[in-house]
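K.L.:
I'd like to go over a predicted model; first the sequence, then the structure.
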Amino acid sequence: MHEPVWEFLIVNYLFLGGLSAGIFFVSAFCTWLQTEGRPAYPRIARAGALLAPWPVSLGSLLLVFDLGKWWRFWKLFVVFRWESPMSIGSWLLLVFTGITLVNLYAWLTEEERNRLFAILPAKLPFRQRLPDLHTDLGAWKRNLAMLGFPFAIGVGIYTGVLLGAVQARPFWNTNLVAQLFLFSALSTGTAALILVRSLAKGPKDLAEFKFLYTLDICLITLEFFIVLPYLIHGQLSVLAVREALGLILGGPFTLTFWVLFMGTGLLLPLAIELWEFRPVLLGRGALHISQNLALAAAGLVIFGGYVLRYVFVFAGQASGLR
Amino acid sequence: MDRRLFMQMVGAGGLAASSIACPKFFGRAKAAPELPAPLGVPTTCELCPNKCSVLAVVRKGRIHKLNPNPENPKSRGMLCARGNAAIQQVYDPDRLKQPLIRAGARGEGKWKPVSWDEAFDFAAGKLAATKEKYGPQGTLWSSTEGFQEVFFKNLGMSFGSPNILRHPSLCLASVNLAYSMTFGTVPSFDLLNSKYVIMAGANRFESIITPDTMDLIGGVMERKAKFVYLDPRFTVTASKADEWYPIKPGTDMAFILAMIHVIIAEDRCDKTFLDQWTLGFDQLAAHVVPYTPEWAAAETGIPAKEILRIAREFADAGHRAVFYAGRRSSWYQNDFQMRRAQAILNTLVGNWDREGGMVPNRKIEKGEFMFLPWDDPAAPRVDEVGKNFPLTSAKDGVYLPLRENVLKGEPYPVKAWMIYKQDPMNAVPDQGKTLKMIEGMDFVGVVDIAMSDTAWYADVVFPESHYLERTDPIEVMPGIWPAAVLRQQVVKPIHDTKPMLEIAQGLAKRLGLSDFFDYTIDQWVAAEAKDLPVENGLEHMKKHGVVGFSEPKYGTTRNAVFRFVTKSGKIEIFSERLAEAGHDPLPVYASPAQPPQGKFRMILGRKATMTHAALANLPWLHEHNPENDLWINADEAARMGIRTGDLVQVTSTAGTVKIKARATEEIRSDCVFMLHGFGKKSKWLRSVYNVGAADSILLETAWDKVSGNAAMHETFVHVVKV
Amino acid sequence: MAKTGNKRYVMLLDSRKCIDCKACVVACKAENDVPLGVFRNWINAERSGAFPRLRASFDPEQCHHCENPSCVRVCPTGASFQRADGIVLVTEADCIGCKYCMIACPYGARFFNEETRVVDKCTFCAHRVDRGETPACVETCPSRVRTFGDLADPKSPLHALLESRRYRILRPQTGNGPQLYYLL
């Protein structure tokens, strides 16, 4: 067990990639769910569409600059090596990012599109062809959502597969890691949208929040029920895995994992959201969504998602085989 | 079909990538451009006394790698870590690049780079002035073994000084003298064929000697020789031994005498051999009566029944049993007598000149370059070696007694000191005294390749060309598998440096001694190569670098005609010459002094990645040994509240140092240990400047009575947490 | 690929004989221009026991040039590859320095070379082997710990050693099939 090779840049990328995947997923879900032929939660969908490309783009940029020779990143895209999770992931990322950008464009209003084309520099090649691109893709929103679903899931899952495929790191080498990262991605994405919608001007749409909270509660609960088997089954597994888990069961990452992730990252926001959801659960009383509690819960989920990536990246590299 | 190619074609539904991947795949099949076969220039390593043969690979004018030359039977086709690291000495950015004259005070580190002419004029002027005032005997010429050392010594001798001082009295003078007095020569040990080996303190797996180190590992591990090792420390050698005993320091002689006692008492000697070839058995038998295993157990801390058993096993192995002599024997004040006891023990089992035993060295004939001889010096040596140590080698001198005399100014003043390839500040015990000696000099001149601590305190520093940059005289390495080796230039000197011969010539010119150095190195080498036991000697040596004998010869001395080079002509168990000189003719044991309460005996030792004080600065070696520390027994450390990594103050009557501690079970509770070669004062040895501590500051001045060899394990130190 | 023929290069290590002298480490540094602070090969030193029954053992290690190298599997650009003779190499020109292979290696045999800015490791001195020489570490060892050879060659001295001595491999549980054999 030596010094970690992947450090905070990778943690950031895994987090940001997952975040975009989750944001896009929720946005696409809100688009795909239709009432009267229109997206069921258009404001959530649009907020998500506008937001989705940026975390993953930033994350990818960080990723590229973390490379030993960053200018060689293009070499990832002249081969496809199905045995390498990183190769699959790079392609997934490329396509996914592309879809989120097109999707963003599809959700722009006409005014926004005009402004966009106004600021594009006149010296761009094919400037004369740009008007052809200046189209309203609004009709394509649902198709884009459906096209993007598998790629969003793919991005959410593959970050887990990247780690899970490494036999040499028993902390990672379980098929639950992919699920864990996926659900963490989805719940942080949901939380991000809760955050955005809470901060949006204007009156709050209770139906939106009911939808987002329901989603988030389900996702966090599912996440919890993935972490639990990861721990239990791990403790019943071979010595190498038990020793690896020791890192969070008494070892140097224990407090971070249990207090910062499980505590403030999972259970506390879940409790807050359940508390807000009392009326729905108990079947009586009116639903109120406090902005402060919404921000708090969402912020904690996002924070928890980051801590999860941090613990996994660093503890994983501290684990090994004997 | 390659799995990768198959999958690329099948998977990803015709992604463009797969079609791009195909040419990439085939593209990679083209091999990397062929590298040319290395041109290895055969030469000889200089980083330690073993002088292994190497093949130097040069790429684009830069030495890239030193490969072992398998043709040398002594080095057995290997090259150790230090040998491999020699390249870094050549390209060391802090290396001496041109002559320097001191600009500030001694040791201040202010240097003026000067031309060779200026340096020669300056040094010659000082030497001449010293000669004028004090006679040529007022100059001291000290050096350590090396192929160009002969030119340095010749310069001193032709200058007329009797004071030629070398390193043996800091190292192996006592063991060599002990074996010489017994056998008339110093033999080597045929570890390749031994069946029972006892080594005391000779840490062969960290202190590499060829071929002993390799043959011992082969013996112990492959040929299942039994290996018993005595050492107050658990060294690497201890970890490989069949039996390791943490013997009480200074009691080896007791162990050996008890073994002799048992072997004689139980009639396990090789009587035939003893009758035919030796003298003094009866006196020995009487002498060892009191030295029982029980007595020895009390002295050494080794249980009597083990001593008894080992003695029996040793004798049973007959001529394939050896008690290894060791090499660096600068341990105790009774070291000579202890090695004598060893020699006598070896004699009893008749292992002389037999397979698996002690074998007299064979030499290889070589020619001699005839240079103009000079007159013998008029004055006697300042160390009065003939008077005080009449038995020891006069031509090497006795270092510590010499220093005492020089400090006293007796029997006459010595005011100029020329030093070649030696770092007395670190190599000689009691650095404080060495500094005083330097202070008392009107002139100190150093020839070296890097700025050693001694060079740092000199008045003028002459940069010698590195061994890879020069051609040297042919050297014969005697042994059971002797080799004659050539050192030839691999690259031209990359800085303004000169080989010692040219430095000698430069000084000689100004001292009127040119006639004695009126030749080139090539002429010298050619003369030596002429008489080598191989056709076209010079051509052979230039092409192969070495000529050696790989078939050992046993029993060449076991014939009626052979006369041992001793007074009696036989192997002298009992030595009349010793008695005449006022020493014990048979080894007499005296219990060593024990460190008083609260103090520890300081012991020394080596490591395979360093050569004495010199190499700790080389990056490839330094990264394995960044700093030295003080080994202290774990229980003692706990008692004093010292943990590994804590800084401790170590003090002796000679000086005091601060060093990090290492609490370990691998050393006895009555001793402490530290490695050599750290705590340097020279800023041009940047990795070890002020890092760790210098043991020479602590070591007190003591020497073996008979040989004058330094006794470096006689210092007691006080240790306290800082 | 055919030019490397039907060979299988492996190394046998008789670590009983290893004295931790670091000759192999320094020789490798010199031969392969390895930067300071990182190593293509190293010695695992283990100390155990209690005074006076102390024990120390030394096991050299480097890339195991596995049968099923995980490092080759996970490489996204294919820079990490294995020759037909078993030697695992990195094509410097194709390596982007993502370091995934470093993490995937169960032995920690790979490192990031700050000078070339790609991933680096023991190459069994392929450039020497292709010339008919042995790796630098094998050639230089004072104790003759290392035996290098072609396991596919029925005349190789490796077979006699593997048949007469017991041996072990490190971390077999991955199924990578490491090709450094530690003679017991």
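P.N.:
Sure thing, it's come through.
K.L.:
residue in chain C nearest to chain A?
P.N.:
Residue of chain C nearest chain A, by CB to the nearest CB: residue C:97 (1.7 Å). Using the backbone N, CA and C atoms, a C-beta is placed for each residue, glycine as well.
K.L.:
Settle this for me: that residue is touching residue C:118, isn't it.
P.N.:
Yes. Contact criterion CB atoms under 8 Å: residue C:97 and residue C:118 qualify, at 5.5 Å.
K.L.:
Can you work out which residues contact both of the two?
P.N.:
Residues within reach of residue C:97 and of residue C:118 at once, by CB atoms under 8 Å, 6 or more residues apart in numbering or on different chains, are A:68, A:69, C:112.
K.L.:
Those also near chain B: which ones?
P.N.:
Checked against chain B using CB under 8 Å from any CB of the partner chain, the shared contacts of residue C:97 and residue C:118 give no members in range.
K.L.:
Redo those residues as TSV? Include pLDDT, neighbour count and secondary structure.
P.N.:
As requested, the shared contacts of residue C:97 and residue C:118 are exported to TSV (pLDDT from 0 to 100; neighbours: other CB atoms under 10 Å in any protein chain shown; DSSP: H, G, I helix; E, B strand; the rest coil):
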residue	pLDDT	neighbour count	secondary structure
A:68	87	17	coil
A:69	89	16	coil
C:112	96	17	strand
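K.L.:
quick revisit: pull the contacting residues for the residue of chain C closest to chain A.
P.N.:
Contacts of residue C:97 by CB under 8 Å, 6+ apart are A:67, A:68, A:69, A:70, A:72, C:112, C:117, C:118, C:119.
K.L.:
rerun that using 10 Å as the cut-off
P.N.:
Listed by CB atoms under 10 Å, 6 or more residues apart in numbering or on different chains, the contact set of residue C:97 reads A:66-70, A:72-73, C:79, C:112-113, C:116-119.
K.L.:
now swap in residue A:184 and tell me
P.N.:
Shown in contact with residue A:184 (CB under 10 Å, 6+ apart): A:14-15, A:18-19, A:22, A:156, A:159-160, A:219-220, A:223, A:226-227, A:261, A:265-266, A:301, A:304-309, A:312.
K.L.:
Surely the residue of chain C closest to chain A is within a helix?
P.N.:
No. Under DSSP: H, G, I helix; E, B strand; the rest coil, residue C:97 falls outside any helix and is assigned coil.
K.L.:
Nearest residue to it in space, please, no chain neighbours.
P.N.:
Nearest non-adjacent residue to residue C:97, counting by CB to CB, 6 or more residues apart in numbering or on different chains: residue A:68, 1.7 Å away.
K.L.:
Do I have it right that that neighbour meets residue C:114?
P.N.:
Yes. Taking contacts as CB atoms under 10 Å, residue A:68 lies within contact range of residue C:114: 8.8 Å.
K.L.:
that older thread, please, a PyMOL command that selects the buried ones among the contacts of residue C:97?
P.N.:
Typed into PyMOL, the next command selects the buried ones out of these (criterion: 16 or more other CB atoms under 10 Å in any protein chain shown):
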select buried, (chain A and resi 66+67+68+69+72+73) or (chain C and resi 79+112+113+116+117+118+119)
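K.L.:
Out of the contacts of residue C:97, flag the one nearest to chain B.
P.N.:
residue C:79 (9.4 Å).
K.L.:
wait, isn't that closest one in contact with residue C:118?
P.N.:
Yes. With contact defined as CB under 10 Å, residue C:79 counts as touching residue C:118 (7.6 Å).
K.L.:
so what's residue B:74 closest to, chain neighbours aside?
P.N.:
With CB to CB, 6+ apart as the criterion, residue B:74 has its nearest non-adjacent residue at 4.6 Å, and that residue is residue B:483.
K.L.:
no no, residue A:279
P.N.:
That would be residue A:285: by CB to CB, 6+ apart, it lies 3.7 Å from residue A:279.
K.L.:
where does the one you found land on pLDDT?
P.N.:
Residue A:285 is assigned 80 on the pLDDT scale.
K.L.:
Repeat that for the one 10 residues further on.
P.N.:
Model confidence at residue A:295, given as pLDDT, is 93.
K.L.:
first vs last residue of stretch B:526-535, how far apart are they?
P.N.:
Terminal residues of stretch B:526-535 lie 13 Å apart, using CA to CA, to the nearest Å.
K.L.:
Looking at it now, give me its mean pLDDT.
P.N.:
Stretch B:526-535 comes out at a mean pLDDT of 94.
K.L.:
can you list contacts of it?
P.N.:
Applying CB under 10 Å, 6+ apart, the contact partners of stretch B:526-535 are B:364-371, B:473-476, B:484, B:486, B:519-520, B:536-542, B:544, B:547-549.
K.L.:
repeat that with 6 Å
P.N.:
Stretch B:526-535 is contacted by residues B:365, B:366, B:367, B:369, B:474, B:484, B:537, B:538, B:540, B:541, B:547 when judged by CB atoms under 6 Å, 6 or more residues apart in numbering or on different chains.
K.L.:
try stretch B:634-646
P.N.:
Against stretch B:634-646 from outside (CB under 6 Å, 6+ apart): B:660, B:661, B:662, B:663, B:664, B:665, B:669, B:721.
K.L.:
quick one: average pLDDT of it?
P.N.:
97.
K.L.:
Beyond whichever helix in chain C runs longest, next helix or strand please.
P.N.:
For chain C, the helix with the greatest residue count under DSSP state H is helix C:23-32. Once helix C:23-32 ends, the next helix or strand along the chain (criterion: DSSP states H and E) is strand C:41-50.
K.L.:
now the helix or strand that comes right after that following strand and strand C:41-50, what's the angle there?
P.N.:
Downstream of strand C:41-50, the next assigned helix or strand under DSSP H and E is strand C:53-62. Calculated by axes from the mean of the first three to the mean of the last three CA atoms, to 10 degrees, strand C:53-62 forms an angle of 160 degrees with strand C:41-50.
K.L.:
What is strand C:53-62 packed up against?
P.N.:
In terms of contacts (3 or more CB pairs under 6 Å, 6 or more residues apart in numbering or on different chains; DSSP states H and E), strand C:53-62 is packed against strand C:41-50.
K.L.:
Quick one: residues in contact with the strand it packs on.
P.N.:
Contacts of strand C:41-50 (CB under 6 Å, 6+ apart): C:20, C:24-25, C:28, C:55-62, C:122, C:137.
K.L.:
angle of it against helix C:23-32?
P.N.:
Relative orientation of strand C:41-50 versus helix C:23-32 (the same axes, to 10 degrees): 170 degrees.
K.L.:
who's in contact with residue B:77?
P.N.:
Residue B:77 makes contact with B:68, B:70, according to CB under 6 Å, 6+ apart.
K.L.:
Can you pull the residues of chain B lying near chain C?
P.N.:
Applying CB under 6 Å from any CB of the partner chain, one finds that chain B approaches chain C through B:29, B:35, B:37, B:65, B:68, B:78-81, B:84-85, B:205, B:214, B:217, B:221, B:234, B:236, B:239, B:246, B:608-609, B:619-620, B:623-624, B:665.
K.L.:
one step back: export the contacts of residue C:97 as CSV, with columns for secondary structure.
P.N.:
Shown next, in CSV, are those (three-state DSSP):
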residue, secondary structure
A:66, helix
A:67, coil
A:68, coil
A:69, coil
A:70, helix
A:72, helix
A:73, helix
C:79, coil
C:112, strand
C:113, strand
C:116, coil
C:117, coil
C:118, strand
C:119, strand
